[in-house]
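Engineer: model this:
(3 chains)
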Amino acid sequence: MHIRAPKDFWSGLMFLAFAAVTLVTSSGYSMGRGGRMGPGYFPTLLGAVLVLLGLILVVRSLATEGEAIQRIEMRPLSILTLCVILFGVMIQPLGLVIALTVTTFIAAFAGPDVRLKEAALLSTGLTLIATIIFVFALRLPLPIWPNL
Amino acid sequence: MKFGSILRAVITAPALCLLAGAALAQQAYPSKPVRLVLPYSPGGIIDYVGRTMAQYLTGPLGQPVIAENRPGAGGITGTDTVARSAPDGYNLVLMDPAIVINPTLQPSMPYDLFKQLATVSIISTSPEVVVVSPELPVKTLADLIAYGKANPGKLNFASAGIGTTPHLAGELFKQRTGIDATHVPYKSIGQSYPDMMSNKVQFAFSSIAGALPFTTDNRVRPIATSGLTRSPVYPDAPTVDEAGLKGFEVDLWLGIFAPTGTPADVVEKLNGAIKVALKDPELIKAFAKVGVEPRGTSAKDGEAFLKAEFGKWKKVIEDGNIKDQ
Amino acid sequence: MMDVFANIGLGLSVAATFQNLAYCMLGTLLGTIVGVLPGIGPVTTVAMLLPISFTLEPTSALIMMAGIYYGAQYGGSTTAILINIPGEPSSVVTSLDGYQMARQGRAGPALGIAALGSFFAGCVATFVIAFGAPPLAKLALQFGPAEYFSLMLCGLVAAIVLARGSVIKAIAMVVLGLIFGLAGSDVNSGIRRFTFGFQGLADGIEFVALSMAIYGVSEVAINLEKKDEEVGVVSTVGSVWPSFADIRYCMPSILRGTALGSVLGVLPGGGALLAAFSAYTLEKKVAKHPRRFGEGDIRGVAAPESANNAGAQTSFIPMLTLGIPSNPTMALMIGALMVHGITPGPRVLIDRPDLFWGVVASMWIGNLMLVVLNLPMVGIWVRLLRMPYRMMFPAIVGFCCVGTYTINGNVTDIAVMAFFTIFGYLCLKLDCEPAPLILGFVLGPMMEENLRRALLISRGDPTIFVNAPISLTFLVAAALLLLIVAAPAIRARREEALAE
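Structural biologist: Numbering: from 1, shown residues only, chains lettered A, B, ... in the order given. Below you'll find the predicted structure:
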């Protein structure tokens, strides 16, 4: 077995994985009968179609040539994902000012060249602008400071 | 580390402010703005009544009342935020009958209604209106029942979703009359009207606000209202009770609730302010525009009413096997 | 015919009073701002202004709210073009070619053509409302659950055409989008599906969280992997305005987009979105060199922008003439009118012609204001792009986070965003295009809802879909479209096989 089209192969596997989760989860929902289609019917149908499509992709990737996957760099993706998670963890207990400053400051490290002073300045400035716009101008119910 | 000390300063400074705030809270209630959570999206009845209520409560309470939409999960998300908040009288929630329907209908609830929330007052009452498709040869409620018995399996009724008052009212109607009708849920009752006009669905128990645009020029026919007395909006339509189903009553009431443990004097103060606000002629006029009438029970009567409503809908849900659908 | 002109005259006399002009201006300005800002959309804005509107004259209130609504449609395209973040579902399509144009230093012409196309569409749609409101309102009433299902199916097939690469992958992305769309409480049974126990998922996956993650954060991650010279930094900003050649080149696309948008906008639910998608699909089908689409073809901006603006405008028809809310913003407007004692419906035209025609006329004036407001802004926006990317991307990430959080004040949405950041990154690496996924995501729930409702009403008889003429037409159209998409792919495959 030789994978000739890695992009197709791996996307096929990704679709198969999602299809599996869908089918397993929706097996817990009623399929319904006759005119009354149950909550499980549509997702099961979609899951089955996705299995078919995933299989086509995988099989085809073994038969025909395709592009290789470009190099995956872990640094930008993992730092950015971490930023999003950190924001979610901080926003309610610590408030907008701390959460946003920390998030944007750390985000700067995802780039190839980090300039500490610039990043600090940028994150402070952004937080200031965001606080003015969202909290003071638009009056959205966002916590600004830590909620103790 | 320098950064650490700055961080500490940043965290402690507001904390000191908060402590100062806590000291202030010892003063007579209310000493700061009160939050009224509306657990539905803007645009519905709750939103309108809630914002109006907040506006007219501000005077008698002496502090601004701020309405805040916290929609999600059929009202559960917004109610839950208040159920979990401090019982200091500054966190209130306005809810409709879904508050007593959800615990029976949902397999799991994030809060316990009767343990975590206390009734401040049931502030308003509003009947539902029975509307039928104009293409249906039905002019009265008796006609509808007769038609349903003569044509089994032909009738559909619309609702605003599983477990909403229009749905359960329809189920109660089916249980009382023994007619067979298929429930067709929509996302909101307003969305069902085009299908009702073209007779794809035949009838519905609709909120008055939802029905008004379509009943004013007879694009759907109002044949009865669900209160025990006639609605001033549809004075010519009899109540379902008058039309023969004795004791049939469905009320789209709204109530204000606070976390359990809110001091009794604070609840009393709020209840008094609500009663004053509900007597304002301007508020009565504003409510009337959407078919809502002020009520204003005491906290104790409200709690008893809540328990009665809980039991009533629990029975309808269990008798109709609604959870198993 | 004379009546219409008399009515438009009446409308202009109402809309052109100083007070109403001011509210129209305020509405379009606010709309543009909230359209550009992530996280706060027209619904929130109209809701916040609702208490103020109670104190206004109903006509003024409606003029202002309408301005917010179509202004936001318009503002949403700015961020889609500049930083590839579509704030509204309907601007997802605009970002396909708009962002590519910006990368090539042609952000100015892209923004300019979006403004001009929208203005043109707005003018035409105003006349469509004036002449066609009553018959178009009847069309909307013809649509029952079966018709909606077939229309959505047709829309999904159109989504496959959107993709540049493999047809199979595009179909798989649509299906996956449909599955993501099903998360949350099921309308028909009340059961919560795919929430995995999270209370925050009870209402489904938030669109903003999904699109900000895929188009915002994942895109940043991909960009940061590239060498500095290829990234974001726009070397030549070029001309700020679209040239006359650009405009002439786009004119047929604008016309087609406007026509499609005007018709689809009338249908309650997702009209403007379907309009933008189908306009793009149509352009790709009629173009001589469809390969250019997705790589910065100006027609790929002109057509969907005209379509969604025309659609936004004509979506007022069912609201004003039938009292049916096509979307949450419209529902708010109905609420506001009822508070003023006006019940939207066919009687509005007879009882309050000043209100109806005043609002219609104000839309034309509002569109003019939008162009005047926005064309000078294009220069400022374009200058913003000169900012080095290392300063821009933390800002994008920060705004995505805040924007997503403010929608519901819900941390689950941020978790969803983190999940879709990784998912979006994988998709981009594997050449799976996100646009079909987004369309499937938005249309999926409506499609299932109408499918099940249609079968509920027909008592399980599937012939309901072919017995209704409108529904049948859409099904045939969907089948044809699928054939057209599949044909070149099949042909290519056969040639490939023969070559081997």
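Engineer: okay, CA-based contacts and neighbour counts for the rest of this
Structural biologist: Noted.
Engineer: measure the residue nearest to B:Lys187 when sequence neighbours are not counted to B:Asp195 for me?
Structural biologist: Closest residue to B:Lys187 apart from its sequence neighbours, by CA to CA, 6 or more residues apart in numbering or on different chains: B:Ala160 at 5.4 Å. B:Ala160 sits at a distance of 13 Å from B:Asp195 (criterion: CA to CA, to the nearest Å).
Engineer: residue boundaries of the helices in the chain?
Structural biologist: Reading this off chain A. Listed in chain order, the helices of chain A (DSSP state H) span A:6-26, A:41-63, A:74-107, A:116-130.
Engineer: look at chain B instead
Structural biologist: With DSSP H as the criterion, chain B has helices at B:2-25, B:45-61, B:76-83, B:98-105, B:113-116, B:141-150, B:165-177, B:189-197, B:208-215, B:264-278, B:281-288, B:299-319.
Engineer: and what of the stretch 51-200 of chain C?
Structural biologist: With DSSP state H, counting those that start in this stretch as the criterion, the stretch 51-200 of chain C has helices at C:58-83, C:92-103, C:107-141, C:145-162, C:167-182.
Engineer: ok, which of those comes nearest C:Asp354?
Structural biologist: For those, proximity to C:Asp354 was assessed by CA to CA; helix C:58-83 is nearest, at 8.1 Å.
Engineer: near chain A, anything from the closest one?
Structural biologist: No. Applying CA under 8 Å from any CA of the partner chain, one finds helix C:58-83 separated from chain A by no less than 14.5 Å.
Engineer: name the helices or strands packed onto that helix?
Structural biologist: Applying 3 or more CA pairs under 8 Å, 6 or more residues apart in numbering or on different chains; DSSP states H and E, we find helix C:58-83 packed against helix C:18-36, helix C:42-53, helix C:92-103, helix C:107-141, helix C:299-314, helix C:328-339, helix C:353-384.
Engineer: pLDDT of it, averaged?
Structural biologist: Mean pLDDT, computed over helix C:58-83, is 87.
Engineer: now swap in stretch C:113-121 and tell me
Structural biologist: Averaged over stretch C:113-121, pLDDT sits at 89.
Engineer: can you give the distance of that stretch from its chain's centre?
Structural biologist: Computed by CA atoms, centre = their mean, to the nearest Å, the chain-centroid distance of stretch C:113-121 equals 14 Å.
Engineer: please apply the same query to stretch B:242-254.
Structural biologist: Distance of stretch B:242-254 from the chain centroid (CA atoms, centre = their mean) equals 16 Å.
Engineer: still on that earlier bit, so which of the helices of chain B gets nearest chain C?
Structural biologist: Set against chain C and scored by CA to the nearest CA, the helices of chain B come closest in helix B:208-215, at 4.9 Å.
Engineer: near chain C at all, the closest one?
Structural biologist: Yes. Judged by CA under 8 Å from any CA, helix B:208-215 and chain C are in contact via B:212-214.
Engineer: stretch B:138-150 now?
Structural biologist: No. If you take CA under 8 Å from any CA as the test, stretch B:138-150 misses chain C, and the best it gets is 15.6 Å.
Engineer: need the mean per-residue confidence for that stretch.
Structural biologist: In this model, stretch B:138-150 has an average pLDDT of 93.
Engineer: pull the CA atoms of that stretch into PDB?
Structural biologist: These are the backbone C-alpha positions of stretch B:138-150, laid out as PDB (Å, rounded to 0.1, in the frame of the first residue of the first chain):
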ATOM      1  CA  VAL B 138     -64.700  26.500  11.500                       C
ATOM      2  CA  LYS B 139     -66.200  29.600  13.100                       C
ATOM      3  CA  THR B 140     -66.300  28.600  16.800                       C
ATOM      4  CA  LEU B 141     -64.400  26.400  19.200                       C
ATOM      5  CA  ALA B 142     -67.300  23.900  19.100                       C
ATOM      6  CA  ASP B 143     -66.900  23.700  15.300                       C
ATOM      7  CA  LEU B 144     -63.200  23.000  15.700                       C
ATOM      8  CA  ILE B 145     -63.900  20.100  18.100                       C
ATOM      9  CA  ALA B 146     -66.600  18.700  15.900                       C
ATOM     10  CA  TYR B 147     -64.400  19.100  12.800                       C
ATOM     11  CA  GLY B 148     -61.600  17.300  14.600                       C
ATOM     12  CA  LYS B 149     -63.900  14.400  15.600                       C
ATOM     13  CA  ALA B 150     -65.300  14.100  12.100                       C
END
